[in-house]
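# coords please:
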Amino acid sequence: MAKRHKHPEYRAAERALVAELDLGDRALIPIRSLVECSLVRLFWEDWKRSDARDPKWIAAPGDHEEPELHRVDGWPEYGDGTVERKWSRRARLWMSWFSIDAWHVCDWFINAVSDGEPWLWNLDDAGYPEKLMKCGNLQRLVNEATKGLRQRNADLARQIVLGPTDEHFIHDLGAGHTLVQLCSRAALRKEGALMHHCIGQGGYEDLLDDPEVLLLSVRDPEGSPLATLDIRSGYIRQFCAIANAEPSAAIKDLVVGAADAFGWQDWRDRPDFRADEQDYGHEALVILRDLPPLRRRGGLGFIPPANTSS
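Numbers count the residues shown, from 1 in each chain. Got it, this is the predicted structure:
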C-alpha cells in the first residue's frame with residue numbers, strides 16, 4: 001500500500017477510529033489497509049473541514065435550532081495526552097453518528113477479501129484501490145458497499161440449507177413473528193447473507209459455545225429475518241436490521257416483550273462498563289424505554305483524567 005499520511009496527528013486519528021470500529025483482529029487484520037485508505041481517510045478529511053470552521057467545538061449533525069455542541073480540541077489544559085484525547089473523542093463522536101455506515105463498509109471489505117474481488121488489485125499510482133479512492137465522501141463509499149454486497153449475499157443465502165439443530169425457537173413475539181437463536185456457523189452465515197452484515201464472517205463463531213451469549217434473529221411469519229440481536233450476559237449489545245440499519249418502530253415494539261420476559265438490560269448499565277469503550281446501546285434504550293427500571297444516561301460527555309478535578 002501507499003505511504004502513510006505525513007501529518008503528525010494522522011496516526012493518532014487512525015488508531016482512534018480503528019479502535020472505535022471494534023472489529024476484532026480476525027476481521028480487522030485482513031482489511032486494515034482498506035479501512036485506512038477509505039474510512040480513515042474520510043474521517044480525517046471530515047475533521048479537517050470541521051477544524052477550518054472551529055477547531056474547538058462541533059455541532060451534532062442534524063441539529064438546527066439549538067444544536068448540541070461537543071468539545072473536540074482534546075482539552076489541552078489537562079496537559080500530556082491532548083492529541084490522544086482529541087482523536088479518541090472525535091472517533092467516538094464520528095462513530096456515534098456514522099457507525100451503521102462504517103460497519104456496512106467493513107462488511108463489504110471482509111467479503112471482498114474473502115472472495116478475492118478483482119477491484120482489490122486495480123490500484124492507482126499511489127497503490128490504493130481506485131474504487132475506494134474515487135469515493136470522496138462516506139455516502140459514495142456506502143453506495144459502493146451496498147452494490148458489492150447485494151448479489152453476493154443473495155447467492156450465498158440460496159446455497160446454505162439449514163438443518164433442525166442450526167436454529168432454535170426461543171420466544172413468540174406475537175402477530176406470527178418469532179425470535180430464534182442462531183446455533184451454528186451455517187445459521188450465522190445465512191443470517192449474515194440475508195441481512196447484509198458481518199455476523200456470518202467468522203468473528204462470532206467463537207461465541208456459539210458461550211452460555212452467556214445469545215445471537216438471535218427476529219423472524220416474520222414466513223421465517224425471513226427482520227433484525228439481529230447480540231445479547232451478552234443479559235445486556236443488549238447490538239440490535240440491527242438489514243445492512244446494520246436501525247430497526248423500524250414496529251420491529252422494536254415486537255422485541256419489547258422479549259426484553260421484558262428475559263430481563264435484558266442496556267449495554268451501558270453493565271457493572272464493568274467503561275466510559276471510553278465503544279458506545280453500544282442506544283438500541284437498548286429504544287427497546288427498554290417502557291420497562292422499569294431504566295437508567296437513562298447522558299450523551300458522550302468528556303470524563304477528565306483521574307488526577308484532575310472535573
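# which ones are touching L42?
C135, N137, L138, L141 (C-beta atoms under 8 Å, 6 or more residues apart in numbering). The C-beta positions use only the backbone N, C-alpha and C, and glycine is treated the same way.
# same deal with K131?
W119, N122, E144.
# For R92, state which of those is nearest.
Nearest to R92 among the contacts of K131 is E144, at 25.5 Å by C-beta to C-beta.
# thinking again about what came up before, now which of the contacts of K131 would you call buried?
E144 (16 or more other C-beta atoms under 10 Å).
# Distance to G257 added to the contacts of K131, as CSV?
Listed next are the contacts of K131 as CSV, based on distance: C-beta to C-beta, whole Å:
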residue, distance to G257
W119, 44
N122, 50
E144, 38
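# Among the contacts of K131, name the ones in helices.
Judged by DSSP state H, helices contain the following of those: E144.
# I'd like to know how far S38 sits from W103.
To W103, S38 is 13 Å away according to C-beta to C-beta, to the nearest Å.
# Of those two, give the one with the bigger neighbour count.
The residue with more neighbours, out of S38 and W103, is S38; 26 against 22, by other C-beta atoms under 10 Å.
# just checking, that one touches L132?
Yes. If you go by C-beta atoms under 8 Å, S38 and L132 touch, sitting 4.5 Å apart.
# Can you check which residues contact both of those two?
Shared contacts of S38 and L132 (C-beta under 8 Å, 6+ apart): L141.
# pull the longest helix from the protein.
Secondary structure of the chain per DSSP H: the longest helix is helix 82-115.
# Who does L69 form a beta bridge with?
In this entry, L69 is beta-bridged to A59, by DSSP bridges.
# repeat for H168
Counting by DSSP bridges, H168 forms beta bridges with Q181.
# Helices along the stretch 101-250 of the chain, start to end?
Ranges of helices in the stretch 101-250 of the chain, per DSSP state H, counting those that start in this stretch, are 130-133, 138-159, 185-195, 249-262.
# who does the longest one touch, helix- and strand-wise?
When contacts are defined as 3 or more C-beta pairs under 8 Å, 6 or more residues apart in numbering; DSSP states H and E, helix 138-159 sits against helix 41-53, helix 82-115, helix 130-133, helix 185-195.
# How about the contacts made by C198?
Shown in contact with C198 (C-beta under 8 Å, 6+ apart): A27, W103, C106, D107, I110, G192, Y204.
# repeat that for 10 Å
23-24, 27, 103-104, 106-111, 188, 192, 204, 244 (C-beta atoms under 10 Å, 6 or more residues apart in numbering).
# do the same with L17
Counting by C-beta under 10 Å, 6+ apart, L17 makes contact with 35-36, 39-40, 42-44, 87-88, 90-92, 94-95, 102.
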